[in-house]
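K.L.:
Coordinates for the following, if possible.
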Amino acid sequence: MLLAEPRGFCAGVEMAIKALVWMVRIFDPPVYCYHEIVHNRLVVDRFRALGVVFVDDVTTVPPGAPLMLSAHGTAPDVVEAARAEGRFVVNAVCPLVTKVHHEAKVRAQKGYTVLYVGHAGHDEAAGTLAVAPESMRLVEHEEDLGAALEDVPDPTKVALLAQTTLALHDWEGIMDEARDRYPDLWTATRGDLCFATTNRQAALRVVASRADAVVVIGSANSSNTVALAKVARDAGCPRVVRVDGPAELDCAMLGDARTVGVTAGASAPEDVVAAVVDALAPTRGVERVFITDEDEYFPPPRELRDLLPALDALAAFTTGGAPGDARAASPLTDDRAADASRALADLAGS
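P.N.:
Residues are numbered from 1 along each chain as shown. Purely as a prediction, here's the structure:
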């Protein structure tokens, strides 16, 4: 077995899942979440079992209730509506998505026509397009460029942004054609690309070039998971199977493969990866195919960090101790060292 590294949870997903775990610990049920916290069926089902209610309309959340906004980013008007009526809102948007929102807003204010490469209907795309709807035009495929570039007010002010779950090679054809039409095209720097998506795809290309079959772990509605399956096929792997977890795995689908590669989308928990590896039961061991370390860390959302002093004081009052002692015992205090997969598994088992 060839096991891709990196794989699974990215820094943004780690942050969002830990934040929702903390909310479940802190607040009495139900805790609400606008849209799926991440696009992974098993993760969402675990939170549902813990009393989290996922909604598609924030106005249905009772006044004063705790409400999380998902990692994919949320339209500005939805954020405003969520914060009305005294709800305690935690915005778990990935900082990389926030950066794209900021760039879209800035370019629009400067009079740019902003081409946004993404998937229609995806939560991240919907939230980003709502930042500057009058200036932004969605492009899913190269053939969409013609319609998107009709009636551009100023050909010297055209910008290109992309959904963070797309790697550069997923949209460089669109970028190249747009630049051919508009030599002054503004694009984000390479530092704005989602490192997790790029790293996982790079590791999988190496794995897929050596494997007779590849198993991609993640849900069908996960953009980056679907992209991983495409990467494996494009790399020439003859059999590519996507599963949510071991329950969906049928080794017969792998045919007579002697070498099997395994990777996981950015919202797939590591304990699920381990369960799939166990189900595959490699007879000749596991080789880890390492590409790079990921040491990025995104701290808990500001709303949770701001809540911590009040929780410390409350804990100290109820136990007769000092706020500093309560802070030392708080799960948020050592958030960097905490593992989201483990935190969710422990909470579900408690």
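K.L.:
Report the beta-bridge partners for Val117.
P.N.:
Val139, Ala162 (DSSP bridges).
K.L.:
Who are the contact partners of it?
P.N.:
Contact analysis of Val117 by Cβ atoms under 8 Å, 6 or more residues apart in numbering lists 139-140, 160-163, 166, 170-171, 174-175. Every residue, glycine included, has its C-beta placed from N, CA and C.
K.L.:
6 Å instead, please
P.N.:
139, 162, 171, 174 (Cβ atoms under 6 Å, 6 or more residues apart in numbering).
K.L.:
go on, Glu142?
P.N.:
Neighbour list for Glu142: 173-174 [criterion: Cβ under 6 Å, 6+ apart].
K.L.:
quick revisit: highest neighbour count among the contacts of Val117?
P.N.:
Highest neighbour count within the contacts of Val117: Ala162, with 26 neighbours (other Cβ atoms under 10 Å).
K.L.:
can I assume it is in contact with Glu172?
P.N.:
No. Counting by Cβ atoms under 6 Å, Ala162 does not reach Glu172; the two are 9.8 Å apart.
K.L.:
So, low pLDDT: which residues of the stretch 251-350 of the chain?
P.N.:
Residues of the stretch 251-350 of the chain meeting the criterion pLDDT under 70: 308-333, 350.
K.L.:
how about the helix or strand hosting Val240 as CSV, C-alpha atoms only?
P.N.:
Element membership for Val240, per DSSP states H and E: strand 239-243. What follows is strand 239-243, C-alpha atoms only, in CSV (Å, rounded to 0.1, in the frame of the first residue of the first chain):
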residue,chain,number,x,y,z
ARG,A,239,-8.7,2.0,-11.2
VAL,A,240,-9.8,4.8,-9.0
VAL,A,241,-12.4,4.3,-6.2
ARG,A,242,-13.9,7.0,-4.0
VAL,A,243,-15.5,6.0,-0.6
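K.L.:
Centre of the chain to that strand, how far?
P.N.:
How far strand 239-243 lies from its chain's middle: 21 Å, per Cα atoms, centre = their mean, to the nearest Å.
K.L.:
Low-confidence ranges, the stretch 51-200 of the chain, go.
P.N.:
Along the stretch 51-200 of the chain, the model assigns pLDDT under 70 to residues 190-193.
K.L.:
what are the ranges of the strands in it?
P.N.:
Using DSSP state E, counting those that start in this stretch, the strands of the stretch 51-200 of the chain run over residues 52-55, 66-69, 88-91, 113-117, 136-139, 158-162, 186-187.
K.L.:
Over to the stretch 251-350 of the chain?
P.N.:
If DSSP E, counting those that start in this stretch is used as the criterion, the strands of the stretch 251-350 of the chain fall at 260-264, 287-290.
K.L.:
Could you say which of the ones you listed is packed most deeply?
P.N.:
Of all the strands of the stretch 251-350 of the chain, strand 260-264 has the most neighbours on average by mean count of other Cβ atoms under 10 Å, namely a mean of 26.
K.L.:
on that earlier part again, now the strand holding Val240 against strand 260-264, angle please.
P.N.:
With axes from the mean of the first three to the mean of the last three Cα atoms, to 10 degrees defining the directions, strand 239-243 sits at 40 degrees from strand 260-264.
K.L.:
List the neighbouring strands of strand 239-243 plus their orientation.
P.N.:
The sheet places strand 239-243 alongside strand 213-217 (parallel), with pairing taken from DSSP bridges.
K.L.:
moving C-terminal of the strand it pairs with, what's the next helix or strand?
P.N.:
Sequence-wise, the next helix or strand downstream of strand 213-217 (DSSP H and E) is helix 223-234.
K.L.:
ok, back up a step: could you dump the strands of the stretch 51-200 of the chain to CSV with distance to Ala345?
P.N.:
Below are the strands of the stretch 51-200 of the chain laid out as CSV (distance: least, Cβ to Cβ, whole Å):
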stretch, distance to Ala345
strand 52-55, 15
strand 66-69, 19
strand 88-91, 21
strand 113-117, 35
strand 136-139, 37
strand 158-162, 33
strand 186-187, 40
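K.L.:
which stretch among the ones you listed comes nearest Arg107?
P.N.:
For the strands of the stretch 51-200 of the chain, the distance to Arg107 is smallest for strand 158-162, at 4.4 Å, taking Cβ to Cβ.
K.L.:
Could you count how many residues lie near the residue nearest to Leu307 when sequence neighbours are not counted?
P.N.:
With Cβ to Cβ, 6 or more residues apart in numbering as the criterion, Leu307 has its nearest non-adjacent residue at 7.5 Å, and that residue is Ile26. When neighbours are defined as other Cβ under 10 Å, Ile26 has 17 of them.
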